[in-house]
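Visitor: predicted model and sequence below, questions to follow.
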Amino acid sequence: MKIELFDISLNEGMKAELIAKETENKVSKYTFKLSWTEENAEKDDKFVFSWSTPMVGTMYGFHPKCVMRRDIMRSWDGAISHMFSDGAPLHAYYDGHGRNKYTMVLSEAKMLTKIQNGVNESNGDLSLKFTLGTWQYTKIYETELIIRIDERDIPVFDAIASASKWWEEIGLTPAFVPAAAKESCYSFWYSFHQEINEKDVEEECKRAKELGFDVCIVDDGWQTDFSSGYTYCGDWDPSPKKFPDMKAHVKRVHDIGMKYVLWIGIPFLGKFSKSFEKFKDMRLRERDNHKGTEFILDPRYKEVREHMKSKCVRALKEWELDGLKLDFIDNWVDRPDNAPYNEKMDIPSLQNAVDAFLSETIKALKEIKPDLLLEFRQSYIGPHMRKFGNMFRVSDCPYDYTENRMAVLDLRSYMGESAVHSDMLMWHKDESPEMNALQIIGIIFGVMQYSSKLNELSEANRKMSKFWLNIKKEKRDLLLEGKLKTYDPERNYTWAESVKCDESFIAVYCEDKCIKPDLKNTSYIANGTTEGRVIAEIEGDYSAAFYNCYGEAVADEEISNSENKLTVLNIPVGGLAVLRRKGE
């Protein structure tokens, strides 16, 4: 059937009714009432919406799971799945100047939708298509669906941010973000992996505090004596050998001046855990490629949800933690090899069950600690996840200058006021401070997580790190809460800038890229390239101070241009220029 621009595929018993249409300033919203029968649900009959738009001026594409790819797929490529625990149904297309051409977003961000957008090679149109199954609604036989289409000629970053804001407006209210969620974090993952104990944590926290960190994240390894993957997960008891008194240990870290966040791989059940016998028949599936030793717990069982909730509550309450890192939630995805529904499950739909678990657990945790820190990680970054988490970290990309930068800036586009965290920075102990500074500048518009052993840090790298940590602390509001503008996402983001009140902060990532910064009374320009200069169009009179990656002043200069003029700023690699408008 055809309704407006949409071709809708329906089986007998299914209905799609357009109940509202609103178009304003090239933003259209189509509200559908979808209904189906019990028989349709039993067969998992699907609604399929398809339509097209001319690909005129359209060159690149984006969605929350695209990572490094900005190409436009083919209409016959595989569909991309989005659901509560993985991704978000938002796809954007833009031109060679980073201007929006077409951004589509769905109101249904909880249940599984499969989006299959791509170029139609027969006519050059952008073909758009999504599929929504009926069984997952479980004993519900109707729903409302809104399709929002934005064709405004605005920066694609703003179109994506507008779509995210719209999710908030239709009721997906993000969680409160405590101030500590925006403080730089020391993580123990890359630096220690599972070889961790209370002595190492406390000694490293002393070094981290001296360097300028205020939050530590203790990752995997605290719950097991064995470096054996996740075969001992499920009990979430501290290793008596490594952490004999967790509460006393956490207090010692607090006394150092650090907040304490603890990792829990919450869906995991290991074959060698004490919990295995109780829950072995309540498994969603085996973990991929782990030969019957590691499993995913099935939250459709009330007993499983209560078990996981009790472990989180106990950890927060008994050990007086500041927060939790709930990891691997994206293992709770709808897949053909998941265990089938049975009558012992009180919630048949997996995504509803994940929602119920998080709703019940986070409510209990916040009754204990209202300013709870809660870290989630790509790819579980959709609008429903923002109702619970307040720290959203880039997926693992160790030592990757480019992906970490791109993912931070991507997440900033659709995470609103939630705190966006980088993946943990790590580097070889012999790497130069200049090169390491480029990693920090790359994620300067996000919260820094850092994970290199501090007792192996050279004095030069220590000095560099302290300088940039101080910058991030002193300019936190400008960097994290200013109006962020990004440039050339299809080229890995060549530069970006954040503006707030009478200050701006600019970071440049591409050698000899001529930038046109929005200079304010005070502007900071960070050189995130391997070339010792930045080229900018500058108009006006400024005094400029130049600093190397250690924060040492290396030069002063007067800039006076009556019109926009190409100006070479000799900023050292990994260094900073501070421009102050004269007369202010």
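Guide: Great, that's in hand.

Visitor: for the rest of this, base every contact and every neighbour count on C-alpha atoms.
Guide: Noted.

Visitor: let's see the lowest-mean-pLDDT helix or strand in the chain as PDB, backbone CA atoms only.
Guide: For the chain, the helix or strand with the lowest mean confidence is strand 553-569, at a mean of 92 (criterion: mean pLDDT, DSSP states H and E). Below are the C-alpha coordinates for strand 553-569, written out as PDB (Å, rounded to 0.1, in the frame of the first residue of the first chain):
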ATOM      1  CA  ALA A 553      56.100  29.500  26.500                       C
ATOM      2  CA  VAL A 554      58.100  29.400  23.200                       C
ATOM      3  CA  ALA A 555      57.100  32.700  21.500                       C
ATOM      4  CA  ASP A 556      54.900  35.800  21.500                       C
ATOM      5  CA  GLU A 557      53.600  37.500  18.400                       C
ATOM      6  CA  GLU A 558      51.400  40.400  17.400                       C
ATOM      7  CA  ILE A 559      48.800  39.700  14.600                       C
ATOM      8  CA  SER A 560      47.200  42.600  12.800                       C
ATOM      9  CA  ASN A 561      45.000  42.000   9.800                       C
ATOM     10  CA  SER A 562      42.400  44.400   8.400                       C
ATOM     11  CA  GLU A 563      40.700  41.600   6.500                       C
ATOM     12  CA  ASN A 564      40.700  37.800   6.500                       C
ATOM     13  CA  LYS A 565      44.300  36.900   5.700                       C
ATOM     14  CA  LEU A 566      46.100  33.600   5.600                       C
ATOM     15  CA  THR A 567      48.200  33.600   8.700                       C
ATOM     16  CA  VAL A 568      50.800  31.000   9.600                       C
ATOM     17  CA  LEU A 569      50.700  30.200  13.400                       C
END
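
Visitor: what residues of that strand count as buried?
Guide: Within strand 553-569, the residues that qualify as buried by neighbour count (16 or more other C-alpha atoms under 10 Å) are 559, 567, 569.

Visitor: how about the strands in the stretch 401-550 of the chain?
Guide: For the stretch 401-550 of the chain, the strands defined by DSSP state E, counting those that start in this stretch occupy 419-421, 449-450, 483-487, 495-500, 503-508, 514-515, 522-527, 534-547.

Visitor: quick one: low-confidence parts of the chain?
Guide: For the chain, residues meeting the criterion pLDDT under 70 lie at 584.

Visitor: domain assignment for it?
Guide: Listed by automatic domain parsing, the domain ranges of the chain are 2-169, 185-476, 483-581.

Visitor: can you report how many residues lie near residue 121?
Guide: 12 (other C-alpha atoms under 10 Å).

Visitor: quickly find the element holding residue 262.
Guide: For residue 262, the host element (DSSP states H and E) is strand 259-264.

Visitor: quick revisit: residue 176: which of the domains of the chain is closest?
Guide: Each of these was scored for nearness to residue 176 using C-alpha to C-alpha, and the closest is domain 185-476 (6.8 Å).

Visitor: contacts for the least confident helix or strand of the chain?
Guide: Contacts to strand 553-569, defined as C-alpha atoms under 8 Å, 6 or more residues apart in numbering, come from residues 514, 533-548, 577.

Visitor: ok, of those residues, which come out buried?
Guide: 514, 533-539, 541-542, 544-548, 577.

Visitor: now for those, which pair is the farthest apart?
Guide: Across the buried ones among the contacts of strand 553-569, the longest distance by C-alpha to C-alpha is 24.5 Å; it joins 539 and 548.

Visitor: ok so residue 163 is a helix residue?
Guide: Yes: applying DSSP: H, G, I helix; E, B strand; the rest coil, one finds residue 163 inside a helix.

Visitor: ok, now which ones touch it?
Guide: Residue 163 sits in contact with 90, 105, 414, where contact means C-alpha under 8 Å, 6+ apart.

Visitor: just residue 136 next, same as before
Guide: Residue 136 neighbours (C-alpha under 8 Å, 6+ apart): 41, 44, 111-112, 348-350.

Visitor: distance check, residue 24 against residue 152.
Guide: Distance of residue 24 to residue 152, computed by C-alpha to C-alpha, to the nearest Å: 10 Å.

Visitor: and if you look at residue 102?
Guide: To residue 152, residue 102 is 8 Å away according to C-alpha to C-alpha.
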